[in-house]
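Trainee: Build the 3D model from these lines:
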Amino acid sequence: QVQLLESGGGLVQAGNSLTLSCAASGRAFSSYAVGWFRQAPGKERDYVGSINWNGDTTYYADSVKGRFTMSRDNAKNTVYLRMNSLKPEDTGVYYCAVSIITIATERDDYEYWGQGTQVTVSS
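Mentor: Reported below is the predicted structural model:
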């Protein structure tokens with residue numbers, strides 16, 4: 001069982017930066033891949049990016065590539081999402097999720113989810 005807690009969301013102006021954190025419980029967290037997803041009002045929950053168990057492999061959605069960066073500190077059981085050059089279309093609830101099998105880009109490949117943190121980017 002893995003429990004996840006996102007934090008760091010808030011209201012920012014376009015062009016600014018924000019760093020989200022995903023803190024996890026469970027000793028095996030360092031063995032798992034972690035993904036970030038986001039959901040805008042009235043829309044599907046979309047893939048943002050993912051990181052493998054030791055942080056040496058990352059994938060990103062085209063919409064955030066070059067602006068967002070994922071990293072992790074397994075000693076702290078925490079994964080980070082650094083978001084630069086934010087745009088109004090980045091607005092949404094951001095969720096982190098754990099995949100116990102492998103790094104993945106599909107929502108259905110993730111078994112455990114956090115409650116989400118709201119990010120609002122004003123123009």
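
Trainee: Buried by neighbour count: which residues of the host helix or strand of residue 82 qualify?
Mentor: Per DSSP states H and E, residue 82 falls inside strand 78-83. By neighbour count with 16 or more other Cβ atoms under 10 Å, strand 78-83 contains the buried residues 78, 79, 80, 81, 83. No exception for glycine: its C-beta is placed from N, CA and C like everyone else's.

Trainee: can you count the residues close to residue 57?
Mentor: Neighbour count of residue 57, defined by other Cβ atoms under 10 Å: 12.

Trainee: Report the secondary structure state of the residue most central in space within the chain.
Mentor: Closest to where the C-alpha atoms of the chain average out (Cα atoms, centre = their mean) is residue 36, at 2.6 Å. Recorded secondary structure, residue 36: strand (DSSP: H, G, I helix; E, B strand; the rest coil).

Trainee: Enumerate every residue touching it.
Mentor: Residue 36 sits next to 20, 22, 48, 49, 50, 70, 81, 94, 95, 96, 97 when contact means Cβ atoms under 8 Å, 6 or more residues apart in numbering.

Trainee: Could you rerun that using 10 Å?
Mentor: Shown in contact with residue 36 (Cβ atoms under 10 Å, 6 or more residues apart in numbering): 6, 20, 22, 46-51, 60-61, 64, 68, 70, 79-81, 83, 94-97, 114.
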